[in-house]
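Asker: Next come a sequence and a model predicted from it.
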Amino acid sequence: MNKRLISITLGLLLPCAVLAETAAPAAETPPAATSPAAPEAGKHHGIKLKQLSEELDLSKEQESKIKSLFKKHKQKIKEIREESKEEVKETLTPAQKLKLYQLKEKNKDKINALKETVKEEENKP
């Protein structure tokens, strides 16, 4: 049962850990490289808000409230990700940690391609 729980947890957290690790360099990108219309709550939240707005026909007031909620909870989400990442690392053997690192390196190209897609999506009129 414990092995199953650990497997499920790792299966759910591994993509988060990979994204969290590879997202760090993006924060070093100079402000000029980001879209001027980039949402305050983050790229993912901006895309999600746009999608919700279109699908649910949100008013400007509703968009503003949802944007505030996303911004309010962003730090909590970041803390949970970091805590989860550390707990996962504590669970792994040194060999598994090495393999996780190798997986992250292998997936960097995929992550960068995804980031480019998001960036292009944001820059569409």
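Answerer: That came through fine. Numbering: from 1, shown residues only.
Asker: make it CA atoms for all contacts and neighbour counts henceforth
Answerer: Fine.
Asker: Give the buried residues for the longest helix seen in the chain.
Answerer: As assigned by DSSP state H, the longest helix anywhere in the chain is helix 60-91. By 16 or more other CA atoms under 10 Å, the buried positions in helix 60-91 come out as 63, 66, 67, 70, 71, 81, 82, 84, 85, 88, 89.
Asker: looking at it, the first one is touching residue 53, isn't it?
Answerer: Yes. Under the criterion of CA atoms under 8 Å, residue 63 is in contact with residue 53, at a separation of 6.9 Å.
Asker: Okay, now the unreliable bits of this structure?
Answerer: Scanning the chain for pLDDT under 70 picks out 1-43, 125.
Asker: need the helices for it, in chain order.
Answerer: Counting by DSSP H, the helices of the chain are 2-23, 43-56, 60-91, 94-123.
Asker: what angle do the longest helix of the chain and helix 43-56 make?
Answerer: Counting by axes from the mean of the first three to the mean of the last three CA atoms, to 10 degrees, helix 60-91 lies at 140 degrees to helix 43-56.
Asker: packing partners for helix 60-91?
Answerer: With contacts defined as 3 or more CA pairs under 8 Å, 6 or more residues apart in numbering; DSSP states H and E, helix 60-91 has these neighbours: helix 2-23, helix 43-56.
Asker: For the last one, name the packing helices and strands.
Answerer: Taking 3+ CA pairs under 8 Å, 6+ apart as contact, the helices and strands that helix 43-56 lies on are helix 60-91.
Asker: rerun that using 10 Å as the cut-off
Answerer: helix 60-91, helix 94-123 (3 or more CA pairs under 10 Å, 6 or more residues apart in numbering; DSSP states H and E).
Asker: Now do it against helix 94-123, angle only.
Answerer: Using the same axes, to 10 degrees: helix 43-56 against helix 94-123 is 50 degrees.
Asker: With just CA atoms, put helix 43-56 into PDB.
Answerer: Written as PDB, here are the backbone C-alpha positions of helix 43-56 (Å, rounded to 0.1, in the frame of the first residue of the first chain):
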ATOM      1  CA  LYS A  43       1.200  33.500 -17.500                       C
ATOM      2  CA  HIS A  44      -0.800  30.400 -16.700                       C
ATOM      3  CA  HIS A  45      -3.300  32.400 -14.800                       C
ATOM      4  CA  GLY A  46      -3.600  34.900 -17.600                       C
ATOM      5  CA  ILE A  47      -4.300  32.200 -20.100                       C
ATOM      6  CA  LYS A  48      -6.700  30.500 -17.700                       C
ATOM      7  CA  LEU A  49      -8.500  33.800 -17.000                       C
ATOM      8  CA  LYS A  50      -8.800  34.500 -20.700                       C
ATOM      9  CA  GLN A  51     -10.300  31.100 -21.300                       C
ATOM     10  CA  LEU A  52     -12.700  31.400 -18.400                       C
ATOM     11  CA  SER A  53     -13.700  34.900 -19.600                       C
ATOM     12  CA  GLU A  54     -14.400  33.700 -23.100                       C
ATOM     13  CA  GLU A  55     -16.200  30.500 -22.100                       C
ATOM     14  CA  LEU A  56     -18.300  32.000 -19.300                       C
END
